[in-house]
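Q: pasting a predicted model and its sequence here:
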4 protein chains.
Amino acid sequence: MNTFGNIFRLTSFGESHGPGIGGVIDGCPSGFELDMEAIQRELNRRKPGQSRITTPRKEDDEVQFLSGIYEGKTTGTPIGFIVWNKNQHSADYDNMKQVYRPSHADYTYQMKYGIRDPRGGGRSSARETISRCVAGAIARQILAKQGIDINAYTSQVGNICLDKSWEAYDLSRIEENPVRCPDPEKAVEMEELIAKVKGQGDTIGGIISGVITGVPVGLGEPVFGKLHAALGNAMLSINAVKGFEYGDGFAAAGYRGSERNDCFFNDNGKINVRTNHSGGIQGGISNGQPIYFRVAFKSVATLLREQETVDMEGNDTILKARGRHDACVLPRAVPIVEAMAAMTILDYWLMQQTRNCW
Amino acid sequence: MNTFGNIFRLTSFGESHGPGIGGVIDGCPSGFELDMEAIQRELNRRKPGQSRITTPRKEDDEVQFLSGIYEGKTTGTPIGFIVWNKNQHSADYDNMKQVYRPSHADYTYQMKYGIRDPRGGGRSSARETISRCVAGAIARQILAKQGIDINAYTSQVGNICLDKSWEAYDLSRIEENPVRCPDPEKAVEMEELIAKVKGQGDTIGGIISGVITGVPVGLGEPVFGKLHAALGNAMLSINAVKGFEYGDGFAAAGYRGSERNDCFFNDNGKINVRTNHSGGIQGGISNGQPIYFRVAFKSVATLLREQETVDMEGNDTILKARGRHDACVLPRAVPIVEAMAAMTILDYWLMQQTRNCW
Amino acid sequence: MNTFGNIFRLTSFGESHGPGIGGVIDGCPSGFELDMEAIQRELNRRKPGQSRITTPRKEDDEVQFLSGIYEGKTTGTPIGFIVWNKNQHSADYDNMKQVYRPSHADYTYQMKYGIRDPRGGGRSSARETISRCVAGAIARQILAKQGIDINAYTSQVGNICLDKSWEAYDLSRIEENPVRCPDPEKAVEMEELIAKVKGQGDTIGGIISGVITGVPVGLGEPVFGKLHAALGNAMLSINAVKGFEYGDGFAAAGYRGSERNDCFFNDNGKINVRTNHSGGIQGGISNGQPIYFRVAFKSVATLLREQETVDMEGNDTILKARGRHDACVLPRAVPIVEAMAAMTILDYWLMQQTRNCW
Amino acid sequence: MNTFGNIFRLTSFGESHGPGIGGVIDGCPSGFELDMEAIQRELNRRKPGQSRITTPRKEDDEVQFLSGIYEGKTTGTPIGFIVWNKNQHSADYDNMKQVYRPSHADYTYQMKYGIRDPRGGGRSSARETISRCVAGAIARQILAKQGIDINAYTSQVGNICLDKSWEAYDLSRIEENPVRCPDPEKAVEMEELIAKVKGQGDTIGGIISGVITGVPVGLGEPVFGKLHAALGNAMLSINAVKGFEYGDGFAAAGYRGSERNDCFFNDNGKINVRTNHSGGIQGGISNGQPIYFRVAFKSVATLLREQETVDMEGNDTILKARGRHDACVLPRAVPIVEAMAAMTILDYWLMQQTRNCW
């Protein structure tokens, strides 16, 4: 399924070396004045070639809106859009046409569909995230009007990781370095590591952390539409993601209830909690506290070194990728994590309008 | 939303202290002869009171089917079912009626809906998993006919954890101990830990690992319906779950591509992989390798000791739960993890029938 | 699919001779105080044996709620319910077990699913409408609070038909006669006709008209979710329905634009229309005028006379139904038409809460 | 909602005077070789300016595919497409910007969304059917491979109507006249009527009949997904449609069961029916007989004569449309009826693959 969301819905299309990547946003509230530059800014954040540690492929991605906007405002009708593909070096992929790249989707797509567009990964390319980026940028603007703010940042690359919780950092500073890490010193270390790995024709994984503030109490649709389940689903749908956790996450396994329950108290007339180990969600419903989560990314599968593999006939062969590739996907994945979070929260915020309204 | 799945769909209902817990299964293939005892066996696996380390509450849960089955076979029409609630000690919860239990869903339900059934957690009670258990048991039987097998087991309780991968264990032996751990020695340690924690009126978290074997190549619906995203969503919808990972999971963050790519090779005429770090899923589509994943559970929020909290008016108060509760949810959650995995895989298996069929 | 609706969703289950007919209502707004007697009253309106012209089968249908209601109010969690089947004369259907009844669903169910519950039509029985009746009764109560009122009535039986538009009748009087027709004289004629047809072991069709008043401007979700398309879908899902029209309906084919356009005018400061040929919906969105529509029902397929048919092996045979059957389905279908209209309008009313809300 | 279908899904976008009209087709079976000329042919059938009785607006609509097709074959990934708008005479609509056209969607869109694109009807324009046309053309090709054939034709314009059932006509000849009527003599009468009405600045309605042959037994998803309910929903979603009936339709109201039941008989070893009053669907499931139905269209609302109306402030005013408009929508609606039928049947055909498959 290429549709995400229930009320605010993105339907996505496009292959990396086809005419373009685009989508249709349905269910967007009407009469909202869009900040077009802010949308383009989000696209710029995900585009390659921003620094020495991202792929030098040039992708001057510009979004063209096709419908649903009149005189700068959303009309409530579906917002179609496309980002045209340019400068595709399809020839770079000629040697991959008949070969299954290890840990890529070539083999599974071929087996599932009996056919695939082999150029640049086709539909399974990370260029597909362009459509998420555009829809997410719109969702963010609408959420911002409600005081809901979404931030993500690189918190680990290889074995270099931030050791403090998100509150310890100034998240507005992540754009100051190419890895999008709020700790300037760690950012340098991470950048060095990525550069080194890249020089070896190798790649490296990492973790992106996300924080959502200003979420009102009450978002979430138990039992199968729990808010964190929707967030998890959203994050796990991003290419290369291997895990998702929120609140205490996997560490919760080691704790006792008496250590980690979030006790309520009367905070000058308002109900508040002493701690937020729950991560802002209880019973699948937001409790008004900041929602925080972490997303694990594996290393990029495309290596600029020789790897053992087979061709479509099953013959053993050796593959060495050409072209320009990321050695670490995280810096460019930060805006995608934010986009997916924005779409999820907006979708649930809209849903909540139907729950207590008669 | 209380519906799970696209083709094979479970719609669930019920509160812990209402008349019963039940559901409707839509889209179940027709003409399938159900093993009724096997369904009841799954229900027995999740019921309380199985050992000294689970809650001694008696819940002799028996499923009554209401439709969709004729002469022992599924008819393709919706399968309604109910498990009647018995022996509810609602009085145990009288003191909680006006109080928000810490790290429970009382507060968020009250805020979201403006009303809640406070008896035993109402809809947010883990008794809700009964309906998952029934639907999952049916899904498992259908999958078994396709050679698809699903197993889960407790791999960590507190800080006691298994140190080997799933292949190292005989998963058919997990029913031999009350914690459902395939390592008999660790199982004893875990049991001791739970008993100790319980004696202190405290609770403890842990991790359940799952393995799905026999999955054909091709299940999964990119880009937003990736198979692991659906599995993650399924697991995160279970009460008390804080995280999900598959394949290398969070550990993938620390590895390089050259260490962790799954290289293809010609295995006596068949395409095979040297390793399975991907966890059986590539590009969101199953590749025929075993799918393995891990699910993190926090400690149970109900403590048999005093905790600070507030009542519905916001007044500070002290809460001490009465009644009978689990000190660790994992042993009884193992069949739920299996049930959710079974429903997810069957749903995608059915979906795949539409993809390449003309 | 056994689920109806997007936000307010009914999932239905049950066979006519199984344990019962029931359903799950998801997405019902919370905190609504239900009038339980009004729900039972709707069930009574559809039950057999209300007069000499309906089937004398006794079906004392009483609804049992299983969840989602606490102290008389909806809690926002799914409302499970069941109406237990009683007094099924399954023996009446023994001779039909191996035989395909003409113009029934026996043959198509058998071919689609490879199996069917032959007792009383199984899932294809009109007893299935019980669940619509219950969910519709709840929807009506919520709509009534918004000033939205729904009425249906028998406007044609055989060739006896009302010749005036709905405004000409007092729809509050339809319960005064067994055919639920607002014209007392025509009602007598219709009743006579049904009695006569019944005496001949035959059956007869007719038309039910519906009117929805108090609908605010703005309900409807173009382009594929047009309000009248949803209403048509709802009505066509009722057993024995062969057609749906709204506003001018099929008669519109014969008119010119100049005769039938609904001209706007300034009505003491408010925008109003001179006529309502559109039937309260323009471009798929309600315009605030009364919505009116007509639903065509074929004659009941079960005849108490001999009919040619085949058995499951394809052998020619003669079938004569036994038992107690309606000679005309319309009187008992009136509440079902109202129920489906209520669910549709409520669903769209809830959806509209998400459209213009930031 | 701008998405149609469950498995084979079209998500549509575009306004009449925006950049273009397009859509995304998800769930299309993979590996299917598309006949691109046939798709363009369907677009040509709906385009204006085909004869003296259709609007002389020039719309040389050409479809550009954006994804999902590789070397002429579907890849199973979403098929994005767009038809660019050209030659829009937006100036023709300047005088309508502030005015609500009678029996159009101007008023309801403005009230629902608080904003609208007034140029040429914006989203509510019949140009939106372009995306249905493209998706339907693809669906038809896939169905044709299964031996399923879909035909529609104009059976009534004003009071001129065909008096025989579809079997009496050679449906392959409908392209021989501009009204797409299989009776050449009636076609001339219809054409004359339309020309006359057009000369008067007026418009006229009519009826389109549809026939689907070759449908296997078993398509349809009771109880809310009955095949005819889905067809009705599809037809009612087309602009200007006021009614839908199938089989005996509204006429069924006047008949007795003994006259109209479809009796089964043994037809040389195969089960067959003596008649097909049911219209090929019983209990919501196809029975293998031809499916036939009728769709009522009202007259076009745009008149080239003066009409009373109001402007956006509610002031009374007089409107006279300029520009080029159809006097009768039916000839160009025939391919749209076929397209919607094709999408519906393919969607259900795909769904059926999941129903009896283990």
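A: Looks like it arrived, so ask away.
Q: for stretch A:24-42, list every residue counted as buried.
A: Buried residues in stretch A:24-42, counted by 16 or more other C-beta atoms under 10 Å in any protein chain shown: A:24-30, A:32, A:34, A:39, A:42. Placement of C-beta: from N, CA and C, glycine included.
Q: nearest to residue C:106, of the residues you listed?
A: Nearest to residue C:106 among the buried residues of stretch A:24-42, counting by C-beta to C-beta, is residue A:26 at 40.5 Å.
Q: the closest one and residue D:4 touch, don't they?
A: No - the criterion here is C-beta atoms under 8 Å, and residue A:26 misses it with residue D:4 at 11.7 Å.
Q: between the two, which contacts overlap?
A: Shared contacts of residue A:26 and residue D:4, defined by C-beta atoms under 8 Å, 6 or more residues apart in numbering or on different chains, comprise residue D:11.
Q: residue contacts, the residue in the stretch 51-200 of chain A that chain B sits nearest to?
A: Nearest residue of the stretch 51-200 of chain A to chain B, counting by C-beta to the nearest C-beta: residue A:105, 2.3 Å away. Residue A:105 makes contacts with A:121, A:124, B:222, B:282-285, as judged by C-beta under 8 Å, 6+ apart.
Q: can you map out the helices along chain A?
A: Secondary structure of chain A (DSSP state H): helices at A:36-46, A:106-113, A:129-145, A:184-199, A:227-236, A:257-260, A:330-352.
Q: tell me which of these sits most buried.
A: Of the helices of chain A, the one with the most neighbours on average (mean count of other C-beta atoms under 10 Å in any protein chain shown) is helix A:227-236, at a mean of 28.
Q: remind me what that one packs against, helices and strands.
A: strand A:241-246, strand A:291-297, helix A:330-352, helix B:227-236 (3 or more C-beta pairs under 8 Å, 6 or more residues apart in numbering or on different chains; DSSP states H and E).
Q: kindly reformat those as a markdown table containing distance to residue A:8 and mean pLDDT.
A: A markdown table is the format used below for these (distance: least, C-beta to C-beta, whole Å; pLDDT from 0 to 100):
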| stretch | distance to residue A:8 | mean pLDDT |
| --- | --- | --- |
| strand A:241-246 | 21 | 98 |
| strand A:291-297 | 18 | 98 |
| helix A:330-352 | 5 | 97 |
| helix B:227-236 | 18 | 98 |
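Q: in TSV, list these along with distance to residue C:319.
A: TSV is the format used below for the helices and strands packed on helix A:227-236 (distance: least, C-beta to C-beta, whole Å):
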stretch	distance to residue C:319
strand A:241-246	60
strand A:291-297	63
helix A:330-352	51
helix B:227-236	47
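Q: for the closest residue to residue A:22 other than its chain neighbours, give the beta-bridge partners.
A: Counting by C-beta to C-beta, 6 or more residues apart in numbering or on different chains, residue A:22 lies nearest to residue A:82, which is 3.6 Å off, once chain neighbours are set aside. Taking DSSP bridges as the rule, residue A:82 bridges to residue A:22, residue A:64.
Q: for residue A:82, give me its contacts.
A: By C-beta under 8 Å, 6+ apart, the contact list for residue A:82 reads A:14, A:20-22, A:63-64, A:66, D:66, D:80, D:82.
Q: any idea how far chain D is from residue A:187?
A: Separation of residue A:187 from chain D (C-beta to the nearest C-beta, to the nearest Å): 37 Å.
Q: ok, now residue A:141?
A: Distance from residue A:141 to chain D, by C-beta to the nearest C-beta: 16 Å.
Q: residues touching residue A:353, list them.
A: Counting by C-beta under 8 Å, 6+ apart, residue A:353 makes contact with C:353-354, C:357.
Q: before we move on, back to that, give me the local confidence score for the residue nearest to residue A:22.
A: For residue A:82, the model assigns a pLDDT of 98.
Q: check residue A:120 too.
A: Listed pLDDT for residue A:120 reads 84.
Q: list the contacts of the closest residue to it other than its chain neighbours.
A: Leaving out its chain neighbours, the residue that sits closest to residue A:120 by C-beta to C-beta, 6+ apart is residue A:16, at 3.8 Å. Contacts for residue A:16 were tallied using C-beta under 8 Å, 6+ apart; they are A:85, A:88, A:119-123, A:125, A:127-128.
Q: try it again at 6 Å.
A: A:120-121, A:125, A:127 (C-beta atoms under 6 Å, 6 or more residues apart in numbering or on different chains).
Q: would TSV of these with neighbour count be doable?
A: Listed next are the contacts of residue A:16 as TSV, based on neighbours: other C-beta atoms under 10 Å in any protein chain shown:
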residue	neighbour count
A:120	22
A:121	26
A:125	21
A:127	27
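Q: mark which of the contacts of residue A:82 are buried, thanks.
A: Buried subset of those (neighbour count, 16+ other C-beta under 10 Å): A:14, A:20-22, A:63, A:66, D:66, D:80, D:82.
Q: could you export the helices of chain A as TSV, including distance to residue B:347?
A: Formatted as TSV, the helices of chain A follow (distance: least, C-beta to C-beta, whole Å):
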stretch	distance to residue B:347
helix A:36-46	31
helix A:106-113	16
helix A:129-145	24
helix A:184-199	39
helix A:227-236	14
helix A:257-260	34
helix A:330-352	21
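Q: follow-up on the earlier one: which of the buried residues of stretch A:24-42 fall within strands?
A: Of those, the ones assigned to strands by DSSP state E are A:24-26.
Q: restrict the residues you listed to contacts with chain D.
A: For chain D, the contacts drawn from those by C-beta under 6 Å from any C-beta of the partner chain are A:24, A:26.
Q: which one of the ones in strands among the buried residues of stretch A:24-42 is nearest residue A:159?
A: Using C-beta to C-beta, residue A:25 is the member of those that lies nearest residue A:159, at 39.2 Å.
Q: now do that closest one against chain C, distance only.
A: Going from residue A:25 to chain C by C-beta to the nearest C-beta gives 14 Å.
Q: pLDDT at that residue, what is it?
A: Among the per-residue scores, residue A:25 holds a pLDDT of 98.
Q: then the one 5 residues further on?
A: At residue A:30, the predicted lDDT confidence score is 95.
Q: same question for the one 5 residues further on.
A: On pLDDT, residue A:35 comes in at 98.
Q: mind listing what it touches?
A: For residue A:35, the contact set (C-beta under 6 Å, 6+ apart) comprises residue A:141.
Q: with residue A:266 instead?
A: Here residue A:266 is in contact with B:310, B:314, B:316 (C-beta under 6 Å, 6+ apart).
Q: can I have the buried ones of these as a PyMOL selection?
A: Here the buried members of the contacts of residue A:266 are turned into a PyMOL selection, burial being counted by 16+ other C-beta under 10 Å:
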select buried, chain B and resi 310+314
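Q: I'd say residue A:248 and residue A:279 touch.
A: No - the criterion here is C-beta atoms under 6 Å, and residue A:248 misses it with residue A:279 at 7.1 Å.
Q: and the two? which has more neighbours close in?
A: Relative neighbour count places residue A:279 above the other of residue A:248 and residue A:279, with 26 against 22, counting by other C-beta atoms under 10 Å in any protein chain shown.
Q: kindly reformat the contacts of residue A:266 as a markdown table containing pLDDT.
A: A markdown table is the format used below for the contacts of residue A:266 (pLDDT from 0 to 100):
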| residue | pLDDT |
| --- | --- |
| B:310 | 96 |
| B:314 | 93 |
| B:316 | 95 |
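Q: and the contacts of residue A:266 as JSON lines, adding distance to chain D?
A: Output for these, formatted as JSON lines (distance: C-beta to the nearest C-beta, whole Å):
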{"residue": "B:310", "distance to chain D": "41"}
{"residue": "B:314", "distance to chain D": "38"}
{"residue": "B:316", "distance to chain D": "46"}
